[in-house]
Each structure stands twice: as C-alpha cells, then as structure tokens.
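# no FASTA, just this:
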C-alpha cells in the first residue's frame, strides 16, 4: 500500500508499536523510516540513546534521518506539543507533503508522571491533525506497566506491526472522551504525610506566600519561583471560574514540593486545557502556564469537584 500521499490527505496517522526486544523494534522502525526517506519526507527519530543507536546502525550510513534528544523533546507534554508543532510547521512551509517520526516517551517519564503523558497521547490526535504526519510510538511490553498499556490502547488510532502491518485499533477512544473521563489520582508518597500548610479560600498572594514559606532549602530557587507562579495562577482560576470552597494543601520534603488546589466546580470546560495554548477557553491560561513550568501537573475530577496537583523537584 502506498501511504505517502494518503498521509498528506488524511492528516495525522498515530500508531503504536508494541515490542519485546531489539529485533521486534527494528522490524517496524527500519521499514517505516526507509519508506519515508525514499519518499523524500523529513524523517525523524526520538528514542532513548541506546535504541537510537540501534536504529542508526540498522540504517544505511548515508540515511538523512534527524535524531532528536528525548530529554529535550519530552521534558513536559505541553512543551513537546509546542516544539513538534513548530518543527512540523517549518517542514510544511518548506514544501514537505509528508513527515515521519518514530519515537518513544522516556521510560523514566512513564514511571514517574504517566498521567499527563497519557493526556498528551490523547491530545496529539487533535493537536497534530493539521499536519501530514505519520508517527509511531514505541512501547516495550516487557517493562511498561499494564495500566499504561491500557491507556496506550485507548489513545492510538492505529497499531503498527512487523512487515509493514498497519491496522485500525478497535480500542481507540476519541480524545474528547478520553480527556473528560474521570481518571484516578493515586496519592504521591509525600501526600501520605501531614501537609505543611492548608489554606481555605486563599487569595493568590496568600497562596504564593505559603509556598515560599514552606519551600525546602535544597529545592532550586528557579523551581520554587516556577511553582509559586503556577500555584498563583491555579488559585486565581479556582476563585474566578470554580466554586467555593477553594482548598490549598502544600507538602514539602527534601528536594520536592506538592501543592493541590481543589474547588467544588467541574473544572475547565476545554479538555485540552493546559496542553494547548491558553486562548482555548476559560481558565486555560493558568493551566497552560502550570504545564510549562511544573515537574508534573495532574488533573482530577470526582463527585467533590476539581483538583489540580502541581509538583516541583525530584521524581517520586
């Protein structure tokens, strides 16, 4: 099947690759990348260094594949979306009729902050749909947790298999449905301890002061400042767009902070809030800022209202 022209017509083709070893990975990656090169398409790889080198060694030395650092690209979901959109806009402006990316979310990110990467995997089906893009996301089934694979199955419209197989994924869920589903928010270990501070209906300035007052000395000042900004924005959102009461709780430990902001409202109406630019809807600006500067942002809805959990510092 010729897929290059179909790519340009269809928009974003987002496929998952399940693999259990190097041979499985290469059996899908190499034909996919070679087809892109043969079609003259911008062809990119964003894998962890050892797997990037594996792919590089399997391709002809003259292959004009661009290798992206996962650490740079996947620092945060909103930043990844912004970076990829700018990159693809440049390719299209240069005349590209198709673009190919073979990548993976770093396993460390999956292990410490999967929730917002699950939302990323859903949101990109919309965020990238204006581009003639085919991408494949690789997941090692030996090490990827079951709940992550379940989310992966719901966020990828296609499944790629060795030998050029490309199949419709019957488990795929529309991004709007996935992003509005109630997702669990397991407590982080530090949340099992008593919070350092609790505030009821605080003004943003009071929330800022509380974060500064409880920040651990070993958390870099720049990260504290970023968290102060994010908390201020989210508290302002809750006061303006949520429903009282607004409750802020702050935990702090060696090299880490967690702040939860809860109100009795339903949360932002826009399911893409935080992941896409702020002009998308009410309350979007604060969540967009938080997604740009925090170590992780978790959003949770339940019968009591809406919670945004913001973290700074080391992984959990």
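It's in. This one's a predicted model, so the numbers in the text were calculated from it and none came from an experiment. Residues are numbered from 1 along each chain as shown.

# hey, where'd the strands end up in the stretch 51-200 of the chain?
For the stretch 51-200 of the chain, strands defined by DSSP state E, counting those that start in this stretch occupy the ranges 66-67, 99-103, 133-140, 158-161, 165-168, 197-200.

# Pick the most deeply packed of those strands.
Of all the strands of the stretch 51-200 of the chain, strand 99-103 has the most neighbours on average by mean count of other CB atoms under 10 Å, namely a mean of 25. Every C-beta, even on glycine, is put in place using the N, C-alpha and C of the backbone.

# what sits up against that strand?
By CB atoms under 8 Å, 6 or more residues apart in numbering, the surrounding residues in contact with strand 99-103 are 7, 29, 32-33, 35-36, 41-47, 55, 68, 70, 73, 84, 88, 91-92, 131-138.

# Sheet partners, orientation included, of that strand?
Sheet pairing for strand 99-103, assigned by DSSP bridges, gives strand 43-46 (parallel), strand 133-140 (parallel).

# a markdown table for those strands, including distance to residue 273 and mean pLDDT?
Listed next are the strands paired with strand 99-103 as a markdown table, based on distance: least, CB to CB, whole Å; pLDDT from 0 to 100:
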| stretch | distance to residue 273 | mean pLDDT |
| --- | --- | --- |
| strand 43-46 | 25 | 98 |
| strand 133-140 | 23 | 98 |
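
# Okay, now the unreliable bits of the stretch 51-200 of the chain?
Judged by pLDDT under 70, the stretch 51-200 of the chain has no weakly predicted residues.

# re earlier: let's have the strands of the stretch 51-200 of the chain in CSV, adding distance to residue 249.
CSV is the format used below for those (distance: least, CB to CB, whole Å):
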stretch, distance to residue 249
strand 66-67, 42
strand 99-103, 36
strand 133-140, 34
strand 158-161, 41
strand 165-168, 44
strand 197-200, 5
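
# Please name whichever of those strands is nearest to residue 248.
Of all the strands of the stretch 51-200 of the chain, it is strand 197-200 that lies closest to residue 248, at 4.3 Å by CB to CB.

# which residues touch the helix or strand following that closest one?
Following strand 197-200 in sequence order, the next helix or strand is helix 204-214 (DSSP states H and E). Helix 204-214 has contacts (CB under 8 Å, 6+ apart) with 196-197, 199, 202, 224, 227-228, 231-233, 235-236, 239, 248, 250, 252, 257, 259, 261.

# Quick check: buried residues in helix 204-214?
For helix 204-214, a neighbour-count test (16 or more other CB atoms under 10 Å) marks 204, 207-208, 210-211, 214 as buried.

# Then stretch 114-131?
Quick answer for stretch 114-131 (16+ other CB under 10 Å): 114-128, 131.
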